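Colleague: Kindly return the folded structure for what I paste below:
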Amino acid sequence: MKPFITADTVAELTGFDDGPAFLRARPRLERYENFPPPMPTCLRPMKWRKDAVLAWVDTAGTAETAITAPIGPNVVLLEEARRA
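Modeller: All right, here's what the predicted structure looks like:
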């Protein structure tokens, strides 16, 4: 089992159609869904720890459940209020 995976494999594990679809959703997943960030030493191609991605799937579910969660301006304001 490889410890590091690319966006295509992350997409497969999380329920996205492909790597580019996952990469478009990545900022939102990291910010609001506690998705693990890529390895800081791997810039191209970006790589993620497979165990961290699988742990996220175990707790958060697939992309469908994470992406369909309601996000709106009130959620952004709530996040800002929590940081204040």
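Colleague: ok, longest helix in this protein?
Modeller: The longest helix of the chain (DSSP state H) is helix 19-32.
Colleague: CA atoms only for that one - export them in CSV, please.
Modeller: This file holds the C-alpha atoms of helix 19-32, laid out as CSV (Å, rounded to 0.1, in the frame of the first residue of the first chain):
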residue,chain,number,x,y,z
GLY,A,19,-8.8,14.6,-9.8
PRO,A,20,-9.7,18.1,-11.3
ALA,A,21,-13.2,18.0,-9.7
PHE,A,22,-11.6,17.2,-6.3
LEU,A,23,-9.0,20.0,-6.8
ARG,A,24,-11.8,22.5,-7.5
ALA,A,25,-13.5,21.5,-4.2
ARG,A,26,-10.3,21.2,-2.2
PRO,A,27,-10.1,24.7,-0.7
ARG,A,28,-13.7,24.4,0.5
LEU,A,29,-13.1,20.9,1.9
GLU,A,30,-10.0,22.0,3.8
ARG,A,31,-11.6,25.2,5.1
TYR,A,32,-15.1,23.9,6.1
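Colleague: residue contacts, R26?
Modeller: F35 (Cβ atoms under 8 Å, 6 or more residues apart in numbering). Any C-beta I mention is one placed from the backbone N, CA and C, and that applies to glycine too.
Colleague: that older thread, what comes up buried for the longest helix of the chain?
Modeller: G19, A21, F22, A25, R26, L29 (16 or more other Cβ atoms under 10 Å).
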